[in-house]
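Participant: With the sequence up front, the predicted model follows.
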Amino acid sequence: MSEVTIKIEGMKCAGCQENVENALNSVNGILSVNINLEEGSATVNYDPEKTDIDKIKSAVSNAGYKAK
């Protein structure tokens with residue numbers, strides 16, 4: 001298992017947080033997601049054999065937010 005924390009621009013409310021969480025949880029290989037709305041970040045635990053940081057960031061982007 002690997003863990004990464006990414007900054008997410010554009011999350012402003014609980015609805016945004018839910019959108020990002022749902023987008024991340026839809027990625028195969030993601031084991032858990034912890035979103036911090038106040039800090040604008042997401043900590044993601046994932047299986048590196050099934051997904052990678054680029055796919056995680058892509059899921060955030062596809063949900064309409066900017067991942068750094």
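Facilitator: Alright, I've got the coordinates.

Participant: Now name the helix or strand holding the closest residue to residue 32 other than its chain neighbours.
Facilitator: In space, and not counting its chain neighbours, residue 32 is closest to residue 45: 4.5 Å by CB to CB, 6 or more residues apart in numbering. Quick note: C-beta positions are derived from backbone N, CA and C, even for glycine. In the assignment (DSSP states H and E), residue 45 maps to strand 41-46.

Participant: Now tell me what touches that strand from outside.
Facilitator: The contact list for strand 41-46, computed with CB atoms under 8 Å, 6 or more residues apart in numbering, reads 1-8, 20-21, 24, 27, 29-36, 56, 60.

Participant: mean confidence for the helix or strand that comes right after it?
Facilitator: Moving toward the C-terminus from strand 41-46, the next helix or strand (DSSP H and E) is helix 53-62. What helix 53-62 shows for mean pLDDT is 97.

Participant: quick one: contacts of helix 53-62?
Facilitator: With CB under 8 Å, 6+ apart, helix 53-62 has contacts from 4, 6, 8, 20, 23-24, 26-27, 29-30, 42, 44, 46, 66-67.

Participant: Max pairwise distance over these: which two?
Facilitator: By the measure CB to CB, 29 and 66 form the most distant pair in these, at 22.0 Å.

Participant: Find the residue at the geometric middle of the protein.
Facilitator: residue 24 (4.7 Å; CA atoms, centre = their mean).

Participant: My read is that it contacts residue 31, right?
Facilitator: No - in this structure, residue 24 is not within contact of residue 31 by CB atoms under 8 Å, at 10.6 Å.

Participant: Quick check: residue 31 touching residue 48?
Facilitator: No - using CB under 8 Å as the test, residue 31 is too far from residue 48 to be in contact (10.8 Å).

Participant: which of the contacts of strand 41-46 are buried?
Facilitator: Listed as buried from the contacts of strand 41-46 are 6, 8, 20, 24, 27, 30, 33, 35, 56, 60; burial here means 16 or more other CB atoms under 10 Å.

Participant: with those in mind, which one is nearest to residue 14?
Facilitator: Nearest to residue 14 among these: residue 35, at 9.8 Å, using CB to CB.
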